[in-house]
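> could you work out the structure for the sequence below:
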Amino acid sequence: MATSAAASVRDAHRYRPPALTGLAGLVERQARERPEARALVVGRDRLPLSYRDLAALAGRTADRLRGAGLRRGDVVALVSSNTVEFVVALLGAARAGLVTAPLDPALPASELASRVRELGARAVLAAEDGVGWTVRVALRRGKAASVGLRPGPLVPGPPPGLAPQDTVVLCTAGTMGRARMVPLSHANVAASVRGICATYELGPRDATVAVMPFFHGHGLFAALLAPLATGGCVLLPACGRFRAETLWDDLRAVGATWFTAVPSLHEALLARSETQDPGPHPPPLRFVRSCGGPLNAATQRALERMFAAPLLSAYGTTESTHQIAGEPLPQRGPLKQGTVGRATTGVRLRVVGPDGRDRPAGVRGEVWVQGPTVARGRLAEPAGGARVFTADGWLRTGDLGSLDEDGYLSLAGRIGTLIERGGRTVSPEYVEDVLAGCPSVVEAAVFGVADGAGGQRVAAAVVVRGEECAGPAEILRYCRDRLAAFAVPERIVLVGALPRTAQGGLDRIAVRDRYA
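Sure, this is the predicted structure:
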């Protein structure tokens, strides 16, 4: 069954997504039409930066990058947290025709150096001294902003297999193995930003807080580029890093109408709700977005009560330039609990069985994606990796899911994480959702352990909290009342915290290696 995203376009007469051709000119229209409007609110002092000044800083940065010897098509690594330097360097590099590869500044030095080599980066741009070429942006209240670039040596990087139309290279989150490098074109970026804007009808009156890191697609496309393309405002938290304890202050400071985060961050915000609340003047949130993993129903309902706004689930991958599907705004379509909504504008979805045929509505299979957001492949892909991208442009996501009659997508986990037990298949995500409903269980990670006979046993690492924490025996009794016998974990390991990727997702490889 294939479904078009045409149905997900909200009332074309009411909303038009921004006209974009790529990353290079993303803020130019706003700089012409709304030059004094806030583009960014920056740091602890919450200094505003207008679209006119942001465009000017990007232009000056482009001139200095070219003057330092970089040429169109060269790769530059960008190592920074969510700072104004990141935004200016990204837009400036795009305007100079460079290809930017954002990297996690928390990576160990050896891993960072390895990725820079693999990318063939000719320079490393950073907001901090000692990493590479230093980018500094000076903001002073009531004064013009300025940018400084301290160049370093150019590295004659080897050709990384990029194409002339490429503008960004992103590294995958690596939840199921080693991170891979995905080149994205100007057309991919433009289609992704338009689709996100159309789903949530973003516009100049919207503002958000940069919760997710910009070195992954979630933060880059949803939290940064989509708001800027539509004339909205983005608050960059102090030191470029979001802190749960400052959430309500940050939301109020920028007049936030929405924000997006991974489920683990939403759960952390909910855990703090007993000691932290929005006060008498809560921000005017239109919606809250969740992407990057499943969010159980009880948590979603509690978050909606806390934020007094609908919580909309979304689904995306790096290879699809982030968003693939998203729940519609309440006035644009029904919200279906347990789904990630409908295909984003321009995207086509299929659910395919092992025989290569489309599955009927309601029947699970692998989720396939096609459209202008899908990357052409990966860089330095190991043998066999090409099977992810089909000859006719479909991306095989490796995710298990089903489509209903209305085109709403439900996900059931990664195909690679499924546990084979006694001839039965167990979805770890389904068991985790059941465990999350057990009193005092904060979160859980379910994994398979080899049983010595070619099959697997089900095990779970569980985080518990509260005055009367449930023990393994109580948790197992809870599961037996709610799960088929073959899906009940045979082993419960109580842990203080679960390992996470840099983006906040559950690191399943680390869970298996640590607790199996």
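
> what about the helices in the stretch 351-500 of the chain?
428-436, 472-480 (DSSP state H, counting those that start in this stretch).

> which of these has the lowest mean pLDDT?
Mean pLDDT is lowest for helix 428-436 among those, at a mean of 86.

> list the helices and strands that one packs on?
strand 409-414, strand 441-450, strand 456-464, helix 472-480 (3 or more CB pairs under 8 Å, 6 or more residues apart in numbering; DSSP states H and E). Where you see a C-beta, it was placed from the backbone N, CA and C, and this is true even at glycine.

> where does the stretch 251-400 of the chain have low pLDDT?
Counting by pLDDT under 70, the low-confidence segments of the stretch 251-400 of the chain come to 274-275, 277-280, 382-386.

> make it 80
Within the stretch 251-400 of the chain, the set of residues satisfying pLDDT under 80 comprises 273-282, 380-387.

> tell me where it has strands.
260-261, 288-291, 311-317, 322-326, 342-343, 348-352, 365-370, 395-403 (DSSP state E, counting those that start in this stretch).

> what mean pLDDT does the helix ranked longest in the chain have?
In the chain, with assignment by DSSP state H, the single longest helix is helix 51-67. For helix 51-67, the mean pLDDT works out to 97.

> stretch 236-246 now?
Mean predicted confidence for stretch 236-246 is 91.

> distance between it and the chain's centre?
17 Å (CA atoms, centre = their mean, to the nearest Å).

> quick one: contacts of that stretch?
Contact with stretch 236-246 is made by 40-44, 80-84, 86-87, 127, 209-212, 250, 265, 268-269, 272, 276, as judged by CB atoms under 8 Å, 6 or more residues apart in numbering.

> list the residues that contact residue 322.
192, 196, 217, 218, 220, 221, 222, 316, 373.

> meant to ask about residue 137
So residue 137 contacts 57, 83, 84, 85, 88, 145, 146, 147, 148 (CB under 8 Å, 6+ apart).

> how about a cut-off of 7 Å?
Counting by CB atoms under 7 Å, 6 or more residues apart in numbering, residue 137 makes contact with 57, 84, 85, 88, 145, 147.

> would you list the residues you listed in CSV and tack on secondary structure, neighbour count and distance to residue 297?
Converted to CSV, those look like this (DSSP: H, G, I helix; E, B strand; the rest coil; neighbours: other CB atoms under 10 Å; distance: CB to CB, whole Å):
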residue, secondary structure, neighbour count, distance to residue 297
57, helix, 25, 44
84, helix, 27, 39
85, helix, 26, 40
88, helix, 27, 41
145, coil, 21, 45
147, strand, 21, 47
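
> quick one: which two of these are the most distant?
The largest separation in the contacts of residue 137, counting by CB to CB, is between 85 and 145 at 11.5 Å.

> tell me the confidence at residue 12?
At residue 12, pLDDT is 45.

> residue 444 too?
91.

> ok, now which ones touch the closest residue to it other than its chain neighbours?
Leaving out its chain neighbours, the residue that sits closest to residue 444 by CB to CB, 6 or more residues apart in numbering is residue 435, at 3.9 Å. Going by CB under 7 Å, 6+ apart, residue 435 touches 441, 444, 460, 462, 475, 479.

> kindly report the same for residue 165.
185, 186, 187.

> looks like residue 79 contacts residue 121 (just checking).
No: when contacts are counted by CB atoms under 7 Å, residue 79 is not listed as touching residue 121 (10.1 Å).

> quick one: the strands in the stretch 101-250 of the chain?
123-126, 133-138, 146-150, 166-171, 181-185, 207-209, 233-236.

> tell me the mean pLDDT over the shortest one?
Mean pLDDT, computed over strand 207-209, is 98.

> renumber starting at 33 from here on
Understood, numbering begins at 33; the last thing we discussed is strand 239-241.

> let me see the domain layout of the protein.
34-435, 450-547 (automatic domain parsing).

> next, the distance between the ends of stretch 315-335.
15 Å (CA to CA, to the nearest Å).

> list the buried residues of stretch 461-470.
For stretch 461-470, burial by neighbour count (16 or more other CB atoms under 10 Å) applies to 461, 463, 464, 465, 466, 467, 468, 470.

> if I pick residue 124, what's in contact with it?
Residues counted as contacts of residue 124 (CB under 7 Å, 6+ apart) are 90, 93, 94, 97.

> same question, residue 521
463, 478, 490, 491, 492, 508, 511.

> okay, and which of the contacts of stretch 268-278 map to helices?
Among those, the members found in helices (DSSP H) are 116, 118, 119, 282, 297, 300, 301.

> and these, which is closest to residue 324?
For the ones in helices among the contacts of stretch 268-278, the nearest to residue 324 is residue 297 (8.9 Å; CB to CB).

> would you turn the buried residues of stretch 461-470 into CSV with distance to residue 80?
Output for those, formatted as CSV (distance: CB to CB, whole Å):
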residue, distance to residue 80
461, 42
463, 47
464, 42
465, 42
466, 47
467, 45
468, 40
470, 46
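
> and the furthest pair within those residues?
For the buried residues of stretch 461-470, the farthest-apart pair by CB to CB is 461 and 470; their separation is 15.7 Å.

> pLDDT score assigned to residue 185?
88.

> only whichever of the contacts of residue 197 are buried, select them in PyMOL.
Buried residues among the contacts of residue 197 (16+ other CB under 10 Å), as a PyMOL selection:
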select buried, resi 217+218+219
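
> stretch 124-142: how far from the chain's middle?
Centroid separation for stretch 124-142 versus its chain: 17 Å, with CA atoms, centre = their mean.

> quick one: buried residues of that stretch?
Buried-residue list, stretch 124-142, by 16+ other CB under 10 Å: 124-137, 139.

> ok, the closest residue in space to residue 497 that isn't next to it in sequence to residue 299 distance?
Spatial nearest neighbour of residue 497, excluding adjacent residues (CB to CB, 6+ apart): residue 474 at 4.9 Å. Distance of residue 474 to residue 299, computed by CB to CB, to the nearest Å: 7 Å.

> which residue is nearest the centroid of the chain?
Residue closest to the average C-alpha location in the chain (CA atoms, centre = their mean): residue 250, at 2.1 Å.

> ok, the contacts of residue 169 vs residue 195, which is closest?
Distances from residue 195 to the contacts of residue 169, taken by CB to CB, are shortest for residue 120, at 25.6 Å.

> how close does the residue lying closest to the closest one once chain neighbours are set aside get to residue 116?
In space, and not counting its chain neighbours, residue 120 is closest to residue 89: 4.7 Å by CB to CB, 6+ apart. Per CB to CB, residue 89 is found 8 Å from residue 116.
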